[in-house]
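Participant: need a structure here:
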Amino acid sequence: MIIGIGGVSRSGKTTLANQLSGKLKGKAIKILHQDDFALKSNLPMIRNHPDWEIPSSIDWPSWKSEINRIRSQVDILILEGIFAFYDQSMNDTMSHRFFVSITKEIFYKRKRNDLRWGREPDWFIDHIWASFVKYGQVGQCIDPYILLNGEKPFNIELILQTMHSLNQGF
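Facilitator: Model (predicted):
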């Protein structure tokens, strides 16, 4: 089973992946974070700033290769990232898809408090949101998917019940 989790930066994708992993006892689970497949060199730039927020910043061949390598070794593979639903061939492999939504205001608040790589300039935070709107949305060909509110704690039990009720190999 492959579970996809998409949403804007700081929406709760990794939190959801970790919570699901912690609740699915007795299963071999692996989480792949799309950020781990960002290009290490030849990264696109915007205003002399590395542009992690566009699809061309991801090493798609490595990401897909790792998915194909791991999927037969685990019961559940969780894929999370801002572009989790960008590639249709990957979408077709997913049993369950979660889109974690937050408002623009909450995104800005969380992103301004995110100092993992130092303080990002406001223009770049604007760029992150614009890139998400352009590239990170759930497309029309993604069906079905479960929309989750990333502004509140996740109800993991309800999420698991929903997955079970969809009766897709869970």
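Participant: rest of the way, CA atoms for contacts and neighbours
Facilitator: Fine.
Participant: check which residues of the lengthiest helix in the chain are buried.
Facilitator: Assignment by DSSP state H gives helix 122-135 as the longest helix of the chain. When neighbours are counted by 16 or more other CA atoms under 10 Å, the buried residues of helix 122-135 are found to be Phe124, Ile125, His127, Ile128, Trp129, Ser131, Phe132, Tyr135.
Participant: got those as CSV, with distance to Ala28 and pLDDT columns?
Facilitator: Listed next are the buried residues of helix 122-135 as CSV, based on distance: CA to CA, whole Å; pLDDT from 0 to 100:
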residue, distance to Ala28, pLDDT
Phe124, 38, 91
Ile125, 36, 92
His127, 37, 93
Ile128, 34, 92
Trp129, 34, 94
Ser131, 34, 92
Phe132, 31, 91
Tyr135, 31, 89
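Participant: closest one to Ile82 out of these, please.
Facilitator: When the buried residues of helix 122-135 are compared for distance to Ile82, the smallest value, 7.1 Å, is given by Phe132; criterion: CA to CA.
Participant: which residues in the chain form helices?
Facilitator: Assigned helices in the chain, in chain order: 13-23, 60-71, 88-91, 104-113, 122-135, 156-165 (criterion: DSSP H).
Participant: who touches stretch 102-109?
Facilitator: Judged by CA atoms under 8 Å, 6 or more residues apart in numbering, the contacts made with stretch 102-109 from elsewhere in the structure are Val8, Ser9, Arg10, Ser11, Ile125, Trp129, Asn149, Gly150, Glu151.
Participant: who wins for neighbours among these?
Facilitator: Ranked by neighbour count under the definition other CA atoms under 10 Å, the contacts of stretch 102-109 are headed by Val8 with 27 neighbours.
Participant: spatially nearest residue to that one (excluding sequence neighbours)?
Facilitator: The spatially closest residue to Val8, leaving aside those adjacent along the chain, is Ile82, at 5.4 Å (CA to CA, 6 or more residues apart in numbering).
Participant: the one you found and Pro121, how far apart?
Facilitator: Here the distance between Ile82 and Pro121 works out to 20 Å (CA to CA, to the nearest Å).
Participant: next: Phe85.
Facilitator: Looking at Phe85 against Pro121, where the rule is CA to CA, the gap reads 27 Å.
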